[in-house]
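Colleague: Mind folding the following:
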Amino acid sequence: MRKIKVAVIGIGHLGKVHAEKLANFSEVELKALVDIDLNKAKEVANYLKIKYQIEPEVFSDFRSLLLLKNNIDAVVIATPTVTHYEIAKEFLFQRKAIFLEKPIAHSWEHSVELVELSEKMKVPLQVGYIERFQEPVKLLIKKVQNPLFIEAHRLSSFVERNLDVDVVLDLMIHDLDLALYLKKYPRIKMVHAVGAPLFSDHPDIVNARIVFEDETTANFTASRVSLKKERRFRVFEKGIYYVVDTLEKSFLEIKVNFQKKEFISFKKEFPDSDPLKEELESFVKSLINKEKVKIPGREALEALRLAFLIKSSVEENLRKLK
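Modeller: Presented below is the predicted three-dimensional model:
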């Protein structure tokens, strides 16, 4: 079986992890690493050579990939969000499959353009919504039928990464994707969101209340300035509710026995898993089997649409405070 030839663009913290995961796949030939800091790319390439006996080429300019003799089949883009549009567009025109870390692009217009281009060129475009590959989340997806209320808290401590976007596109977007997926992508009736920039030039903490067309609601809180980490997602239905904790790797189900007027709880804890590995495996297998990618660009746009509505609401409310 011919191996899928892949290049990783952006060898920061996440890009390095992507590269190492791909180096472990028997179906993949890791052809190249690209980073504007060439020394960083060389350092990771040397690490992979020692540990996995592979020798990917290194470049400082993503356009250099187009000059490779044996070329490539796919690229993983893990660069800052502001660069996604320029890089992804180039490889879509070259008909190279793309795994693109979220969010798709820095603006709604550019995001739509990339998705439409991928569809027009018939090029696979998978977006990195990693939470769908968490084991407790997969169980939640199987269980949920008719959500009446959704509540999500995603809190993280401050790190000097991904500061080119606000906390909505950085963190909250994972919960937006999951909520919309569980609700089967309903129309949005109302968005009210507040937030504030604290340690960066963009809002670092945001709370958003969403009302859907069916009058059900969702409440999202995301922070990257918290002293503690939290990743908890709750779904309430008639007579039952679920709590997923992706830090604790747990799933909790609580039912109501109306006759006895008591709660019945069931909790399942999962062993450590590797959702990033599973996410990349699904991408590679879809290329090998010529199947639809797990989270295509068109589907990923839904959460991004809501994210930009939330961003607009935050900005409007911030202007009122001035």
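
Colleague: Neighbours of Glu109, how many?
Modeller: For Glu109, the count of nearby residues is 10 (other C-beta atoms under 10 Å). C-beta: built from backbone N, CA, C; applies to glycine.

Colleague: Got the domain ranges for this structure?
Modeller: Here the domain parsing of the chain from automatic domain parsing is 4-130+275-294, 131-271+306-321.

Colleague: and Ala300, which of those domains is closest to it?
Modeller: Closest to Ala300 of those is domain 4-130+275-294 (C-beta to C-beta; 3.6 Å).

Colleague: Apart from its chain neighbours, what residue comes closest to the residue nearest the centre of the chain?
Modeller: Centroid-nearest residue in the chain, with C-alpha atoms, centre = their mean: Tyr129, separated by 2.7 Å. Among residues not flanking Tyr129 along the chain, Asp177 sits closest, at 4.7 Å (C-beta to C-beta, 6 or more residues apart in numbering).

Colleague: thinking again about what came up before, look up how far Val115 lies from the residue nearest to the centre of the chain.
Modeller: According to C-beta to C-beta, to the nearest Å, Tyr129 stands 14 Å off from Val115.

Colleague: now Lys3
Modeller: Distance of Lys3 to Val115, given as C-beta to C-beta: 28 Å.

Colleague: thinking again about what came up before, give the contact list for the residue nearest to the centre of the chain.
Modeller: Residues in contact with Tyr129, defined by C-beta atoms under 8 Å, 6 or more residues apart in numbering, are Lys102, Ile173, His174, Asp177, Leu178, Ile295, Ala300, Ala303.

Colleague: okay, the residues you listed in a markdown table with pLDDT next?
Modeller: A markdown table is the format used below for the contacts of Tyr129 (pLDDT from 0 to 100):
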| residue | pLDDT |
| --- | --- |
| Lys102 | 95 |
| Ile173 | 97 |
| His174 | 97 |
| Asp177 | 98 |
| Leu178 | 98 |
| Ile295 | 97 |
| Ala300 | 97 |
| Ala303 | 97 |
